[in-house]
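K.L.:
show me the folded form of this:
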Amino acid sequence: MGTRWSCSSAEAIAFCNLETQLLNNISAPDVPSCEQAIWWQDDPNFWHYLLVNNGGAGIQEAGAIDAADIASRLASMVGLSSYLVDCTVSGNVITVTLEPGVNGPVEVSTNSGSAPATLSRSVPGIYTAQVASSAEIRVGDYVGIDIGSANDEVVKVLAVGPGTFTAFFTKPHYGKVSNIQCRVLPRARHFGRVLKNRMVDVPTPDYGELRNIA
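P.N.:
Below you'll find the predicted structure:
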């Protein structure tokens, strides 16, 4: 049997334009913790703060021994008062971690060291993906996303709209940050289109497998 009567997945993907680009982020970034450093300012009137959303704690430098002392006390105060995060400390560095069950976003910052950070957890669930084209996506199709990466997964399409499809995602995907391709896994209708084109629309002779008899 020659190639006229068969079709590979790669041929169906190319012929039917089954690849499109993800345009939005799926789920929140998975950043459940951050480090915040406290640096000694050598100013007795300076107040060091560790802020979590609209709350936090502050310590005046005049009442502290060094940066590590301030970090330890701030971590203890915020850890005890906040239901959003837990704090641990090593030297002058405070590690702030989301409490179990808290998904964020939670804003964390200090005023004498590290840059602000946003803590969040990626949560599996039903999300709507924005794509460059949804023309070849149907309800019930399976779509591969982030193929070849650590977040590679295949999802089943639950709903389709203009330039969108909805599915249950188990991993985060950052379409606003990276060039992420979505690929519809070929189904019978796609293979049929290729074969129809090959045999009806643009027919070509099929000589089968030719043997070299020389």
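
K.L.:
domain parsing of this protein, as residue ranges.
P.N.:
Per the record, the chain has its domains at 3-28+123-201, 33-119, by automatic domain parsing.

K.L.:
phi first, then psi, for Thr164.
P.N.:
phi -140, psi 160 (degrees, to the nearest 10).

K.L.:
need the contact list for it.
P.N.:
Going by C-beta atoms under 8 Å, 6 or more residues apart in numbering, Thr164 touches Thr128, Ala129, Gln130, Val131, Ser134. (Glycine included, C-beta is placed from N, CA and C.)

K.L.:
quick one, which of the residues you listed are buried?
P.N.:
Those of the contacts of Thr164 that meet the buried threshold are Ala129, Gln130, Val131, Ser134, by 16 or more other C-beta atoms under 10 Å.

K.L.:
list the contacts for the first one?
P.N.:
So that's Ala129. When contacts are counted by C-beta under 8 Å, 6+ apart, Ala129 touches Leu22, Asn24, Ile26, Ile145, Thr164, Phe165, Thr166, Ala167, Phe169, His173, Gly175, Cys182.

K.L.:
swap the cut-off to 7 Å and go again
P.N.:
With contacts defined as C-beta atoms under 7 Å, 6 or more residues apart in numbering, Ala129 is in contact with Leu22, Asn24, Ile26, Thr164, Phe165, Cys182.
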